[in-house]
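[1] Quick one, fold the following:
(one chain, ligands or ions: 1)
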Amino acid sequence: MIDIDVSAQTAAMTCTQGDVLFAGLEKALDNGRGFVFVTDAGGKLLGYADLTMMREAFMKGGHLSGQTVGDVAAPWGSAKEPLGVEPVLDGEGRLSGIDESGPQPFLPVSEPDLTHREMRNAFDAFLSTWISSTGDYIRRFEREFAEKMGMAHGVATSNGTVSLHLAMATLGIGEGDEVIVPDLTFAASINTVMHVGARPVLVDVDRDTWCLSAEAVERAITPRTRAIMPVHVFGRPSQMTEIFELAQARGLYIIEDCAEAHGAKYDGQPIGSFSDISSFSFFANKIITTGEGGICLTNDADIATRMRMLRDHGMRPERRYWHEEPGFNFRMTNMQAAIGCAQIERMDELLAMRAAVYDRYVEALSGIPGVSFPPPMDQRAQPVTWFACAQVPEDKRADLIAACKAANIDLRPFFHGLSSMPAYRQYARKCPNSTWLSRTGVNLPTSRRVDDAMVARIAGVFESVLGKKA
Ligand SMILES: Cc1ncc(COP(=O)(O)O)c(C=O)c1O
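    As a prediction, the model looks like this:
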């Protein structure tokens with residue numbers, strides 16, 4: 001520890017030269033900047049050590065020969081790319097604070113938020129040698145995630161695409177069946193319907209919720225409809241009570257695609273708890289991540305048992321190599337689950353961080369000509385922030401994205417409406433709301449690095465293209 005009085009934020013960025021490599025690695029992860037300042041015992045700045053330098057030392061066995069953070073540090077000022085944080089020094093060269101107002105490294109739309117907790121869990125799973133799809137972390141991850149979403153059973157999968165596939169295969173959806181899918185979603189939702197041999201029926205999203213409405217679903221039901229797939233796009237919950245009642249009345253399954261909305265609620269109930277089977281993704285850009293990964297949740301013990309069997313080649317769990325039907329290998333590994341267990345512990349913190357980022361954007365970008373934020377949802381819905389979203393004038397969006405790129409900031413257009421793409425031409429419908437959203441929507445960078453200074457920088461780029469704030 002350094003022995004001068006620095007803020008907690010500065011301390012979180014700083015190691016002394018004698019700190020062991022793992023202290024530097026953990027701090028560089030935990031502070032979200034990927035590097036630490038290195039000082040002598042009196043707090044005098046010696047240089048910096050980033051994750052790449054420390055990883056290289058670790059891979060050469062530096063941790064065995066007692067290498068320290070000081071041994072691998074480089075002089076301050078030698079980095080080729082901006083590190084985003086400048087040291088503030090007192091008259092004697094001692095680190096007295098940090099300054100984040102200078103040039104910043106590239107800011108992606110999303111970054112996995114990984115700390116020492118995820119690292120220790122992943123290391124622990126590795127050292128246990130249970131690196132495939134059995135192990136304590138798998139069972140724990142399934143149990144804890146299901147509990148957090150208020151569901152009885154969790155069946156972890158290798159990603160959030162195969163979890164949708166598994167859900168439909170388990171419910172026997174296939175040839176001759178129709179599944180109702182919103183037009184504005186990531187393509188995995190529709191692809192999986194096609195992969196099980198069913199026919200996707202595309203339905204426009206509601207202009208305010210950006211999701212399927214119960215009325216629009218009702219209009220699309222035919223005698224062939226077997227299931228509804230509401231997608232809680234960009235963290236915004238669909239009207240699940242109404243859709244659930246409709247499905248009950250019409251004898252339809254619901255498969256909720258919750259890939260983008262972990263923790264959102266409708267009528268006080270977690271999304272993912274309204275359906276026969278709900279599906280989540282844990283890809284690296286999701287609210288919580290396992291690298292790649294997914295899960296199916298259900299309250300029905302028989303459905304859970306069948307999902308476990310189909311996930312594992314259709315093999316009877318109690319009779320090895322006896323296959324009841326041709327199943328899949330859709331399993332998650334214990335190493336992925338280990339990362340996921342740490343992320344579940346941090347889920348509330350991660351949701352709060354994302355909500356705070358969104359609030360900063362609303363404060364800084366509101367009033368810039370042509371910029372709007374998603375319409376507030378009614379009291380019954382509790383959305384979460386996955387990627388922070390805004391809408392901008394259609395004719396200026398490309399210029400805005402280019403200006404952000406020039407400023408080292410990633411701004412991403414919304415998904416294309418599914419009906420607009422050749423792959424889904426035969427299912428295309430007129431979907432004016434989805435078309436309008438897909439042409440005007442942008443996803444803003446959403447991560448711990450998006451603090452007030454960063455949002456002010458992004459607001460500056462927006463103003464340079466769209467005009468000054470009113
Ligand atoms: C709505 C939606 N469904 C499904 C998926 C697929 O998840 P995965 O990438 O884990 O396969 C995603 C992921 O991007 C998604 O956004």
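[2] Over to the residue nearest the centre of the chain. Which of the three states is it?
    Centroid check for the chain by Cα atoms, centre = their mean gives K286 as the closest residue, at 1.0 Å. Three-state call for K286 (DSSP: H, G, I helix; E, B strand; the rest coil): coil.
[3] which ones are touching it?
    160, 259-260, 262, 280, 386 (Cβ atoms under 8 Å, 6 or more residues apart in numbering). Glycine gets a C-beta too; all of them are placed from N, C-alpha and C.
[4] Report the separation between it and the ligand.
    7 Å (Cβ to the nearest ligand atom, to the nearest Å).
[5] Kindly report the same for G61.
    35 Å.
[6] How about A11?
    A11 is 36 Å from the ligand, by Cβ to the nearest ligand atom.
[7] burial count for that residue?
    16 (other Cβ atoms under 10 Å).
[8] What pLDDT does the model give it?
    pLDDT recorded at A11 is 93.
[9] if you skip the residues just before and after it, what's nearest to the closest residue to the ligand within the stretch 151-300 of the chain?
    Residue of the stretch 151-300 of the chain nearest the ligand, by Cβ to the nearest ligand atom: G160 (2.8 Å). With Cβ to Cβ, 6 or more residues apart in numbering as the criterion, G160 has its nearest non-adjacent residue at 2.4 Å, and that residue is S281.
[10] same check, this time on D208
    P375 (4.6 Å).
[11] so the one you found touches C211, yeah?
    No - between P375 and C211 there is no contact under Cβ atoms under 8 Å: 12.0 Å.
[12] between the two, who's got more neighbours?
    Neighbour tally, P375 and C211, criterion other Cβ under 10 Å: the higher count belongs to C211, 25 against 12.
[13] possible to save the contacts of K286 as JSON lines with secondary structure?
    Formatted as JSON lines, these follow (three-state DSSP):
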{"residue": "G160", "secondary structure": "helix"}
{"residue": "A259", "secondary structure": "coil"}
{"residue": "E260", "secondary structure": "coil"}
{"residue": "H262", "secondary structure": "coil"}
{"residue": "F280", "secondary structure": "strand"}
{"residue": "W386", "secondary structure": "coil"}
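[14] what kind of secondary structure is C389 in?
    Criterion first, three-state DSSP; result for C389: strand.
[15] ranges for the helices of the stretch 251-400 of the chain?
    301-311, 334-345, 347-365, 397-406 (DSSP state H, counting those that start in this stretch).
[16] Now the shortest one: buried residues?
    Within helix 397-406, the residues that qualify as buried are 397, 400-401, 403-404, counting by 16 or more other Cβ atoms under 10 Å.
[17] Please name the residues that touch the residue nearest to T440 when sequence neighbours are not counted.
    Nearest non-adjacent residue to T440, counting by Cβ to Cβ, 6+ apart: Q391, 4.3 Å away. By Cβ under 8 Å, 6+ apart, Q391 lies in contact with 371-374, 437, 440-442.
[18] Show me just the buried residues among the residues you listed.
    Judged by 16+ other Cβ under 10 Å, buried ones among the contacts of Q391: 371, 374, 437, 440-442.
[19] rewinding a little: what count of nearby residues applies to the residue of the stretch 151-300 of the chain closest to the ligand?
    Around G160 there are 26 residues (other Cβ under 10 Å).
[20] what residues does stretch 417-432 touch?
    181, 183-185, 187, 190, 199-205, 434-435, 437-438.
[21] buried subset of those?
    Neighbour-count burial (16+ other Cβ under 10 Å) is assigned, among the contacts of stretch 417-432, to 181, 183-185, 190, 199-205, 434-435, 437-438.
[22] What about those, which are in helices?
    Cross-referencing these against helices under DSSP state H gives 190, 434-435, 437-438.
[23] closest to the ligand among the residues you listed?
    For these, the nearest to the ligand is I190 (9.5 Å; Cβ to the nearest ligand atom).
[24] Spell out which parts of this protein neighbour the ligand.
    Proximity of the chain to the ligand, by Cβ under 6 Å from any ligand atom, involves residues 159-161, 185-186, 188-189, 231, 257, 259-260, 281, 283, 294.
[25] among these, which are in strands?
    257, 281, 294 (DSSP state E).
[26] what pLDDT does the closest residue to the first one other than its chain neighbours get?
    If I follow you right, that is D257. Nearest residue to D257, sequence neighbours excluded (Cβ to Cβ, 6+ apart): V231, at 4.2 Å. You'll see V231 listed with a pLDDT of 98.
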